[in-house]
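Chemist: Got a predicted structure here, sequence first:
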Amino acid sequence: MSAVSHGESLPAQPLPAWRRAVLKVGSNLLAADGGGLTTRYAEALAGFVSASLASGRQVVLVSSGAVAAGRALLRQHAPARGDIVERQALAALGQAPMIALWQSLLGRPVAQVLLTHDDLRNRRRYLNARATLRSLLMLDVLPVINENDTVAVDELKLGDNDNLAAIVAALVDADLLLIASDIDALYSADPRIEPQAEPMLRVEVLTPQVMAMAGGSGSAVGTGGMRTKLEAATKAAAAGVPTVLFSGRDEATVQALQHGRLHGTLIAATGTRMQARKYWLRHAPAASGRIRVDAGAARALAAGHASLLPGGITDALGEFLRGDLVDIVDAGGQVVARGLSQYAAGEVRRIAGQHSRDIEAVLGFTYGSEVVHRDDLVTWVDAENRGGIEA
């Protein structure tokens, strides 16, 4: 798929309603022709972010561009493409100017967060990353996320910031994933080869036939193409998050997003975000350990929309680690809920029956007031038919 930017020549369609979004910006929008970074296209995207934040929405930015920035700093000493080790060094060098670019354009506090896929596969590190991002959003700070290219060999080789953005969308419970690039939409065929190729304005399901429409990278500085964008959209859809593909090179297209209009491709989600999360919690294998709760906590959990606090816990049975999926049982051993524990079994035993404010005094640290947050929990809603879990 080549770089195609018809901008507002594409018909407008409503942008899905959202309160929190992940915006992925590709390196082809930040890299200057002569090397380094440019504000040419970033200014409009920063304007969209600022307008969104001013309206009370939240944005998490996933930004490429560190390798291009690092290459410019070394100038004649930098390899044109380089092997993985060289590109890792360039990424390390270019992180600071990439963050500085967004800081200067947004005029507000930004926080750099470097992640790898391993950080998000490991449940403890997953919880740590989510807690950090939630705290940044609560502090009205814009998180700027990039892959930790310095150590993520496979991710850097694949140019997987598109897929990282989809994972981050699920991580922060986003309502929408926006992918800005030099391509204005998904086309029925490569428009470089097929002049009659038609833009796909809306995709309900990413079938193999739709995936086959994707081509390779159309940019010398980017490492991903339309295929990685569709792979990302597949992940986002499974998490209940719709994806939009649009041209970040067309200022009018970017500005239209502020008014709820999309000139690009909308890829629908399969189900709702919460349904997808609850489905995963329902079917993922649980740890062998369990958390036992008193009658009051069991009733509160069964009623729904309640987190598990240490005061309602009577014991932790067996062993489990922070981030493990554990069953929550009542005094009779019946499972009333299951969820991701913020604390390990030994820690739960020590704080069982305590008030949340006393966690730090007992343990010497705290991961928060909830042992299992309500967003990380599913409950049984039918006391007689234990086959159903609340979704």
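Modeler: Looks like it came in fine. Residues are numbered from 1 along each chain as shown.
Chemist: hey, let's count contacts and neighbours off CA atoms from now on
Modeler: Fine.
Chemist: how about the helices of the chain, start to end?
Modeler: In the chain, the helices defined using DSSP state H lie at 42-54, 66-74, 84-106, 117-121, 123-138, 153-158, 161-171, 208-211, 226-238, 251-258, 273-283, 295-303, 345-351, 359-363.
Chemist: Select from the ones you listed the stretch with the lowest mean pLDDT.
Modeler: Ranked by mean pLDDT, the helices of the chain end with helix 153-158 at the bottom, a mean of 45.
Chemist: quick revisit: relative to D182, which of the helices of the chain is closest?
Modeler: For D182, the closest of the helices of the chain is helix 226-238, at 10.4 Å, according to Cα to Cα.
Chemist: now the most centrally placed residue in the chain, nearest residue through space, not along the chain?
Modeler: Centroid-nearest residue in the chain: V168, 1.3 Å away (criterion: Cα atoms, centre = their mean). Nearest non-adjacent residue to V168, counting by Cα to Cα, 6 or more residues apart in numbering: V22, 7.4 Å away.
Chemist: what's near enough to touch that neighbour?
Modeler: Counting by Cα atoms under 8 Å, 6 or more residues apart in numbering, V22 makes contact with V59, V60, L61, V62, A165, V168, A169, A174, L176, L177, L178.
Chemist: per-domain residue ranges of this protein.
Modeler: What automatic domain parsing lists as the domains of the chain is 7-271, 284-379.
Chemist: before we move on, the earlier item: let's have the helices of the chain in TSV, adding distance to I313.
Modeler: Below are the helices of the chain laid out as TSV (distance: least, Cα to Cα, whole Å):
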stretch	distance to I313
helix 42-54	39
helix 66-74	47
helix 84-106	44
helix 117-121	28
helix 123-138	21
helix 153-158	41
helix 161-171	27
helix 208-211	48
helix 226-238	33
helix 251-258	46
helix 273-283	20
helix 295-303	7
helix 345-351	8
helix 359-363	13
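Chemist: Of all those, which one is nearest N28?
Modeler: Across the helices of the chain (criterion: Cα to Cα), the nearest stretch is helix 66-74, sitting at 9.3 Å.
Chemist: if we can go back for a sec, with distance to R277 added, can I get the domains of the chain in JSON lines?
Modeler: Shown next, in JSON lines, are the domains of the chain (distance: least, Cα to Cα, whole Å):
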{"stretch": "domain 7-271", "distance to R277": "7"}
{"stretch": "domain 284-379", "distance to R277": "8"}
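Chemist: Run through the residues that contact S64.
Modeler: By Cα under 8 Å, 6+ apart, S64 lies in contact with V25, G26, S27, L30, N146, N161.
Chemist: between the residues you listed, which is closest to Q103?
Modeler: Among these, and counting by Cα to Cα, the member closest to Q103 is L30, at 13.9 Å.
Chemist: I figured the closest one hits Y41, correct?
Modeler: Yes: using Cα atoms under 8 Å, L30 is in contact with Y41, at 6.9 Å.
Chemist: confidence score at the spatially closest residue to M226 that is not a sequence neighbour?
Modeler: Leaving aside its chain neighbours, M226 sits nearest to A214 (5.2 Å; criterion: Cα to Cα, 6+ apart). We note a pLDDT of 78 for A214 in this prediction.
Chemist: ok, A214 touching E231?
Modeler: No: using Cα under 8 Å, A214 makes no contact with E231, being 10.0 Å away.
Chemist: With neighbour numbers in mind, choose between those two.
Modeler: A214 (20 against 17; other Cα atoms under 10 Å).
Chemist: Which residues are in contact with the more buried one?
Modeler: Contacts of A214 by Cα under 8 Å, 6+ apart are M1, L186, A189, D190, G225, M226, R227, L230.
Chemist: Of these, keep whichever come out buried.
Modeler: Buried residues within the contacts of A214, counting neighbours by 16 or more other Cα atoms under 10 Å: M1, L186, A189, D190, G225, M226, R227, L230.
Chemist: So in terms of bridging, what pairs with R20?
Modeler: R20 has these beta-bridge partners by DSSP bridges: Q58.
Chemist: what about it, distance to A287?
Modeler: Separation of R20 from A287 (Cα to Cα, to the nearest Å) stands at 31 Å.
Chemist: same question, D173
Modeler: From D173 over to A287 (counting by Cα to Cα), the distance is 24 Å.
Chemist: more neighbours, those two?
Modeler: A direct count of neighbours by other Cα under 10 Å for D173 and A287 places D173 higher, at 21 against 15.
Chemist: Excluding chain neighbours, what is closest to that one?
Modeler: Closest residue in space to D173, ignoring its immediate chain neighbours: R273 at 7.3 Å, by Cα to Cα, 6+ apart.
Chemist: Can you report how many residues neighbour the one you found?
Modeler: For R273, using other Cα under 10 Å, the count is 22.
Chemist: if I read this right, it contacts K235, doesn't it?
Modeler: No: the pair R273 and K235 does not pass the contact test of Cα under 8 Å, sitting 11.7 Å apart.
Chemist: For the residue with the largest distance to the centre of the chain, give me its contacts.
Modeler: Each residue of the chain has a distance to the centre, and by Cα atoms, centre = their mean the biggest one is for G332: 39.0 Å. By Cα under 8 Å, 6+ apart, the contact list for G332 is empty.
Chemist: can you pull the pLDDT of it?
Modeler: G332 carries a pLDDT score of 93 in this model.
Chemist: ok, now how distant is it from A165?
Modeler: Look at G332 and A165: by Cα to Cα, they are 43 Å apart.
Chemist: With D376 instead?
Modeler: 21 Å.
Chemist: before we move on, what about T253?
Modeler: Counting by Cα to Cα, the gap from T253 to A165 is 21 Å.
Chemist: The two: who's more crowded?
Modeler: More crowded of T253 and A165, by other Cα under 10 Å: A165, with 30 against 25.
Chemist: Quick check: the more buried one touching V62?
Modeler: Yes: here A165 lies in contact with V62, judged by Cα under 8 Å, at a distance of 6.1 Å.
Chemist: anything in contact with each of the two?
Modeler: V22, L23, K24.
Chemist: Next, check these against the strands and list the overlap.
Modeler: Those of the shared contacts of A165 and V62 mapping onto strands are V22, L23, K24, per DSSP state E.
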